[in-house]
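1. Generate coordinates for the sequence data below:
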Amino acid sequence: MAYGYNGKILRVNLTEKNITVEEPGVNFFRRYLGGRGIVAYYLLKEIPEGIDAFSEENKLVFATSVVTGAPVPGFGRHSVGAKSPLTNFFGESEAGGFWGPELKFAGFEGIIVEGKSSAPVYIWINDGKVELKDASHLWGMDTADTKDILVEELGDRKVRTLIIGKGGENLVRFAGIASDVTHYHGRTGLGAVMGSKNLKAVVVRGTNKLNFKDEEKLKQISKEFSEKFRSNADNSSHTRIGTSGYYFGANDAGSLPTRNFRSGHFDELEFTIDELHDTLKIKTEGCYACPIRCKQVFKAEKPYNIDPRYGGPEYETLAAFGSTCGVNDMFSPSKAHELCNKYGLDTVSAGVAIAFAMECFENGLITKEDTGGIELKFGNAEGMLKILEMIASRDGFGDILAEGSKRAAEKIGKGAIKYAMQTKGQEFAMAEPRAKYGLGLAYAVSPTGADHLQAEHDGAFDPALTGYSHAADDTNYFMKGIYPLGLLEPVESLSLGPEKVRLFTYLQHNFSLHNVLDLCMFITAPVRTMKLTQLVDIVNAVTGWETSLWELFKTAERATTMTRCFNVKHSLKVEDDTTVPDRLFEGLEGGALKGARLNKEEFLESISLYYEMMGWDRNTGIPTEGKLHELGIGWTNSEIR
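-> Numbers count the residues shown, from 1 in each chain. Predicted coordinates:
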C-alpha cells in the first residue's frame, strides 16, 4: 500500500462539466514528489506553446506533496500553477494554512482545472465526492464574505477554501488566491487565471485519515522541533512578531527598498516594531501542525477601519506599501494589506506598481489628468489607497497599473520602463539586490520573474557573520546548516563570482525542494530549526521509501529544470534573464550601503556560469539533452527542440 498519499489526481473540465480521476502510479509520485514537481509536469506536458494565459487552453494545477498532512511542523502548504498572465512564463505560488492537508484528507493529491465555465462556478470536494456548483451569487463579493456564505451554504464551518476577489474577476494580472482568507497565493497572477475560467472558489472538506509508515518517528521529530524552535532566534521572533521585524532590521542594514528602490534606508519611518504590535495586533494564528503561529492579526477603528478577518501585514506588505511608496505611518500599509486580501491582489506587485507610478508622476511622465486628480507623489498614503482600489476595479488609471508595471511602462512610454522594478514582468520583492548580490542573480534567473524565495539570502553566509548567540556549539550556525550539501566556506554578500554562483545554485535546489515537498521555508536550516537531513527522515517515515538527501535534491533540480523547459517552450530567450533594471548597476542613494551596486559584466557572467552549473547551454540557457536524460526527464526534449 502507499503510505502518506492517496495517489489520485482530480481532473475537472469546466467547459464540458466533466470530472475524472487519474492514478499516475508510485513511480510518478516518487519522481516528482508533489508541489512544483507535479505542477511543472502537467503544465509542460499539457499547455500548448504560444497560448494566451487567459485562454481556455491554459490550465490551473493545484498540488500537494506525498508528505503534505504529516503531523510535523511546516508540511501544511500547497502549490498552484498555470501559465502566468503577468510574465507569460511559468506561474507558481505556494500558500500555507490548512487547505493542502484538507485536500489530502478528502482523497486527492492534486487537481487539474481546464477549460472555462460559461457562468461562475465553484468546485466542491467532500470526502472524494466532487461537484460543480453555481457561484453566480458569489461573483463580485469580497473574499471573507464569500467564505462566510460558503460555510453557511455547505453547512460545515470546517470547510477549507481557495477564493478569488474582484481582482481575479477583473483579470488584474497580479491577482492572487486567498486560502481561507488570510493565507495567500500572491505571486504570478494565478487569481486572474481562476477569474478567466469563471472559477470563484475551490472548497474542500475531508475526514479520512492518512496512513504513515512510521508515525512514532514523525511524533518524535515534531516533539523535538517543538522543544527547540524557541531557542532559534528567527523562529522565536516569528512567534512574537511574524516577519515584521525584518522591516526595521533591513532599514538599519541599509537594505530596505525605499522610494521605488532608490535608497536602502527610509529616514522618515515614524514608528517602532513595539508600537506597531502594541497598537494594532490583537492575536496570532498559525498553520497546520505548526507551533510557531507566525500569522499576525491586526485590527483598528481609526484612522482606518481595519478588519481583522483579513489578518495582518508581514514584512513584504509593510515594505511594499510603506518605504517603497515613501509612506511612513503604520496604519496605511496595514489598510492596504486588508484591501489586497479583500480584493485578492498580490501585495508585493501592487505596492511596487504604485511606487513605479509615483516615480513616473514625480518625473512628469504622468499627471493628475492621468491619475484622475490624484497627486500620486511618494508619501501620499491616501493617494496610494485610492489607486489600490482603482486597480482592483480596473477603474481609470488603475486599469493601466492592473497590467503590471512592465506593461504599464510600455503604455505610458517616455522612458518609463527605467522606473519599472521587475524582471520578466514580475515586480521585485522587498529584498534589495545591491545589498545581496546573489539575490540579483535570483531575480534574473527565477522561472517566475523576480522572486526573493529562490534561495536563502546571502547575508547568512557572509564571513562577517559571527554566528548565532543561540548556537553555542558552532561559531557559524548558518554554515553548519548547509554542511550536508558540501558547502563549507562562507561567501561575501557583495560578491558574485564562481563561489557565490555555486552557493546560489545549491541553495536554489534547497528552496526548490521546499516547493516540491510543499514545506515552509521558515522551518528548516540553514537559518531555522529543522535540519536538512531530517527531511530525509520525514519522507522515509511518511512513505516507507529508502530515500536520501541526494534523491530529494535531484527531485528538486528536476522540478526547476522542468520550469526552465516550460519557459523555453513558451519562447524564453537569454535576454529575458539578462534584462534587469539599470538601477541595479547604479549606487544606492542612502543608508548603510550607500553607493552599493552590481557590476554589470560580473552579473552577466554569473548568469552564464549558473547555466553551466545547471547543465544548460552557456549561450542559450536551454537544458542540454544529456542533462534532461540524467534527470530522468528525457521526454522533455520533445517539448523544447
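2. Surely Phe75 and Asp518 touch.
-> Yes. Using Cβ atoms under 8 Å, Phe75 makes contact with Asp518 at a distance of 7.0 Å. C-beta coordinates here come from the backbone N, C-alpha and C atoms, glycine included.
3. what is in contact with those two at once?
-> The contact sets of Phe75 and Asp518 overlap at 65, 67-68 (Cβ atoms under 8 Å, 6 or more residues apart in numbering).
4. which among those residues gets closest to Ser255?
-> Ser255 has its nearest neighbour among the shared contacts of Phe75 and Asp518 in Ser65, at 32.5 Å by Cβ to Cβ.
5. For that closest one, list the residues it contacts.
-> So, once contact is read as Cβ under 8 Å, 6+ apart, Ser65 ends up touching 5, 33-35, 37-38, 75, 109, 516-519.
6. and of those, the nearest to Arg187?
-> The nearest member of these to Arg187, counting by Cβ to Cβ, is Gly35 at 14.7 Å.
7. gap between the closest one and Ser65?
-> 5 Å (Cβ to Cβ, to the nearest Å).
8. Then Glu382?
-> 44 Å.
9. what do you get for Gly115?
-> Applying Cβ to Cβ, the value for Gly115 to Ser65 is 26 Å.
10. tell me which helix or strand of the chain sits lowest on mean pLDDT?
-> Lowest by mean pLDDT, DSSP states H and E among the helices and strands of the chain is helix 477-482, with a mean of 91.
11. secondary structure element for the most centrally placed residue in the chain?
-> With distances taken as Cα atoms, centre = their mean, the chain has Ser93 as the residue nearest its mean C-alpha position (4.6 Å). Per DSSP states H and E, Ser93 falls inside strand 90-95.
12. cool, and Gly438?
-> Per DSSP H and E, Gly438 falls inside helix 437-445.
13. Over to Ala455?
-> Counting by DSSP H and E, Ala455 is found in no helix or strand.
14. and it, how many neighbours?
-> 22 (other Cβ atoms under 10 Å).
15. and what of Lys302?
-> Using other Cβ under 10 Å: Lys302 sits among 7 other residues.
16. Please apply the same query to Lys158.
-> 11.
17. Quick check: phi and psi on it?
-> Note on Lys158: backbone dihedrals following degrees, to the nearest 10 are phi -90, psi 0.
18. Once you drop chain neighbours, what's closest to it?
-> Of all residues not flanking Lys158 in the chain, Arg205 sits nearest, at 6.4 Å (Cβ to Cβ, 6 or more residues apart in numbering).
19. partner residues bridging the one you found?
-> Asn126 (DSSP bridges).
20. Confirm for me that it is in contact with Gly107.
-> No. Here Arg205 does not reach Gly107: they are 10.9 Å apart, not a contact under Cβ under 8 Å.
21. Next, show the common contact partners of these two.
-> The contact sets of Arg205 and Gly107 overlap at Asp127 (Cβ under 8 Å, 6+ apart).
22. Show me where the stretch 351-500 of the chain dips below the pLDDT cut-off.
-> Residues of the stretch 351-500 of the chain that meet the criterion pLDDT under 70 lie in 465-475.
23. would you list every one of the strands in it?
-> 422-423, 426-427 (DSSP state E, counting those that start in this stretch).
24. now the stretch 1-150 of the chain
-> With DSSP E, counting those that start in this stretch as the criterion, the stretch 1-150 of the chain has strands at 9-13, 18-22, 60-63, 78-83, 90-95, 110-114, 121-126, 129-134.
25. Just put those strands in TSV and tack on distance to Leu588 and mean pLDDT.
-> Listed next are those as TSV, based on distance: least, Cβ to Cβ, whole Å; pLDDT from 0 to 100:
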stretch	distance to Leu588	mean pLDDT
strand 9-13	47	98
strand 18-22	51	98
strand 60-63	39	98
strand 78-83	34	98
strand 90-95	29	98
strand 110-114	43	99
strand 121-126	47	99
strand 129-134	52	98
